[in-house]
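**Q** what follows is a predicted structure for the sequence shown.
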Amino acid sequence: MIRFPELAALAAALLQGAAAVAQTVPAPNTAPASVRDVSVSVDARTSLGPLPPAWRFFGADEPNYATMKDGRKLLVELGELKPGEVFFRAHNLLSTGDGTAAFKWGSTNAYTEGPDGKPVYDWTIVDNIIDTYLARGVRPYLQIGFMPQALSTAPKGTPYQHSWRPGFDYRLIATGWTYPPSSYEKWAELVYQWTRHNVERYGADEVNRWYFEVWNEPDSKFYWQASPEDFNKLHDFAIDAVRRALPTAKVGGPDVAVAGEFMEGFMRHVASGRNYVTGRTGTPTDFLSFHAKGAPSFVDGHVRMGLSTHLRNVDRGFTRVAGFPALAAKPIVIGESDPEGCAACPGPQNAYRNGTMYSSYTAASFARIWDLAARRKVNLDGILSWSFEFEDQPWFAGYRQLSTNGVDLPVLNVFRMFAKMGPERIAATSSAQVPLDTVVTDGVRGDADIGALATRTPDGRVAVLLWHYHDDDVAGPVARVKLDIAGAKARSGKLWRVDRDHANAFTAWQRMGSPQSPNEKQYAELEAASAMQQDTVVVTSGRSFAIDLPRQGVALLTLDER
């Protein structure tokens, strides 16, 4: 079994990532070169319709981290964002093994076979994972996969668990777990027994709230060693098994890497194709899912993000669904939506992860995804961030995660800001917000994107999210934002910030001298530095407010009108 990679083997890759991070983070308290005046106008009287809480989805390759100390702690924080409405997707829930976590790997040993070839089911590990979610206010976005070793049709001599680790060729991950089953009937019975067990353990009302989907990125040779039709067959057998155990279960897919021809073929199959199990037309489909990633690079000594690539992939998926009349109204979950593709891969191009570039990118990208969904008139349900935590790794090691050694990274606070916003979008414009078409086509490569997204909360408050984003991680002017809100009368408001000097454990850690073994006092200081602080602000004339927003900073203002 491959367990946690040895530190010596990881040192070179980690140091490379850490060095790149150090190059791209400005020294704390660096004075801005200049100031840019920006006007933001919000009209609280003009509703733009619902804003779905699509941000409430998360996921990770490594399912077993959820039950470990820092994983449990982080799940509590995710569950607190929107109790009972946060969902978590994990790979490897049916993979064979003893439950020891590793990079891009996990296992539950749910299925083995006895000497007589009869199935042996053991739900102990996977129950512990799901129990851990539910106890913390998080529900499963249940990925059915991967192929248990006893069912895999991998050629003789193919290793089952991969030998990949950071710095290795990514193709090494494609081992025995990526193959179709030797018996689709046994595969279906496994899924049926698992679903029936979940209903018995958690109750039908609970399990009806989960999402069920089959596999991950079956359009990629990294994850599926067979044809698209073989996947459709795998999908049909699994979905039929879920619905036999729970006829009202929420089922969908295909969580492809790219919303291309593979997804088009899948949609044709589930809408009008011959079902491999029933022989009838079509396969039950309650939601559709695809992935969308960006493409950062390292240019002239700094990180340059690929926001336009990310958004083009999103728009391609929305357009493909919207263009398929039989399924166009189905809810869509972007099953992985991230700045790039491999959370466990270090490298200089990924040095955005520890600091505020990741948090400002998240604010700017989610705002544009909501805009694209409105433009394409699709039913956006979820935007799943493939980011969690990596247990027992060096501090700020440069992985795509929400916390490091139990201390939150700045990006997690942006999700806390999303959670404070409301379900109704109201009109907002900024004099410095880059137009949607420009961002989709070119990214943010000229003037910085200083944007606004405004909502009304259920209790009647106005909540305004502000961000100051640029694709290039270099110094730039501070935005001096004057915010004017029509249709609101308030004497005070509440302000939260995420930037170089606010809600940022990374810069606090750097000021400490970047210790790899912080003592108890230092740990407490890092936890305190990671937290958003609520400030009370004065709103002049009942409607105006001013704030200095540093580059790569995010702020949220809520007005108390009661």
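**A** Nice, I can see it.
**Q** what ranges does the chain have for its helices?
**A** Taking DSSP state H, the helices of the chain run over residues 7-24, 69-81, 124-135, 184-202, 204-207, 228-245, 261-272, 307-322, 356-376, 410-420, 436-442, 505-511, 520-530.
**Q** got the contact list for the fourth one?
**A** Right, the one you point to is helix 184-202. For helix 184-202, the surrounding residues in contact (CB atoms under 8 Å, 6 or more residues apart in numbering) are 94, 110-111, 119, 121, 123, 126-127, 130, 134, 144, 147-148, 151, 181, 207, 212, 233-234, 237-238, 240-242, 244-246, 249, 276-277. C-beta coordinates here come from the backbone N, C-alpha and C atoms, glycine included.
**Q** need the buried ones from the residues you listed selected in PyMOL.
**A** Here is the PyMOL selection string for the buried members of the contacts of helix 184-202, based on 16 or more other CB atoms under 10 Å:
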select buried, resi 94+110+111+119+123+126+127+130+134+144+147+148+151+181+207+212+233+234+237+238+240+241+242+245+246+249+276+277
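**Q** about what we covered before: just put the helices of the chain in JSON lines and tack on distance to residue 448 and mean pLDDT.
**A** Listed next are the helices of the chain as JSON lines, based on distance: least, CB to CB, whole Å; pLDDT from 0 to 100:
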{"stretch": "helix 7-24", "distance to residue 448": "16", "mean pLDDT": "37"}
{"stretch": "helix 69-81", "distance to residue 448": "28", "mean pLDDT": "98"}
{"stretch": "helix 124-135", "distance to residue 448": "38", "mean pLDDT": "98"}
{"stretch": "helix 184-202", "distance to residue 448": "47", "mean pLDDT": "98"}
{"stretch": "helix 204-207", "distance to residue 448": "45", "mean pLDDT": "98"}
{"stretch": "helix 228-245", "distance to residue 448": "42", "mean pLDDT": "98"}
{"stretch": "helix 261-272", "distance to residue 448": "34", "mean pLDDT": "98"}
{"stretch": "helix 307-322", "distance to residue 448": "12", "mean pLDDT": "98"}
{"stretch": "helix 356-376", "distance to residue 448": "10", "mean pLDDT": "98"}
{"stretch": "helix 410-420", "distance to residue 448": "17", "mean pLDDT": "98"}
{"stretch": "helix 436-442", "distance to residue 448": "12", "mean pLDDT": "98"}
{"stretch": "helix 505-511", "distance to residue 448": "20", "mean pLDDT": "98"}
{"stretch": "helix 520-530", "distance to residue 448": "25", "mean pLDDT": "98"}
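**Q** any chance of those helices in TSV, plus distance to residue 488?
**A** Shown next, in TSV, are the helices of the chain (distance: least, CB to CB, whole Å):
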stretch	distance to residue 488
helix 7-24	38
helix 69-81	26
helix 124-135	39
helix 184-202	44
helix 204-207	40
helix 228-245	47
helix 261-272	43
helix 307-322	31
helix 356-376	21
helix 410-420	17
helix 436-442	26
helix 505-511	34
helix 520-530	31
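**Q** out of these, which is closest to residue 58?
**A** Smallest distance to residue 58 across those (CB to CB): 6.0 Å, for helix 69-81.
**Q** mind listing what's buried in that closest one?
**A** With burial defined by 16+ other CB under 10 Å, the residues of helix 69-81 counted as buried are 70-71, 74-75, 77-79, 81.
**Q** could you do stretch 543-560 as well?
**A** For stretch 543-560, the buried set under the neighbour-count rule, 16+ other CB under 10 Å, comprises 543, 545, 547, 549-559.
**Q** which two among the residues you listed are spaced furthest apart?
**A** Across the buried residues of stretch 543-560 (CB to CB), the longest gap, 28.0 Å, separates 543 and 552.
**Q** quick revisit: looking at the buried residues of stretch 543-560, which is nearest residue 171?
**A** Of all these, residue 552 has the smallest distance to residue 171: 34.0 Å, by CB to CB.
**Q** quick one, what contacts that closest one?
**A** Listed by CB under 8 Å, 6+ apart, the contact partners of residue 552 are 355-357, 359-360, 468-470, 473, 499-500.
**Q** that one and residue 449: what is the separation?
**A** For residue 552, the distance to residue 449 equals 11 Å [CB to CB, to the nearest Å].
**Q** run a quick neighbour tally on residue 182.
**A** 13 (other CB atoms under 10 Å).
**Q** follow-up on the earlier one: need the buried residues of helix 69-81 in TSV (columns: distance to residue 337).
**A** Shown next, in TSV, are the buried residues of helix 69-81 (distance: CB to CB, whole Å):
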residue	distance to residue 337
70	23
71	21
74	19
75	20
77	20
78	16
79	20
81	17
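**Q** can you tell me which of the residues you listed lies nearest to residue 41?
**A** Nearest to residue 41 out of the buried residues of helix 69-81 is residue 81 (CB to CB; 28.8 Å).
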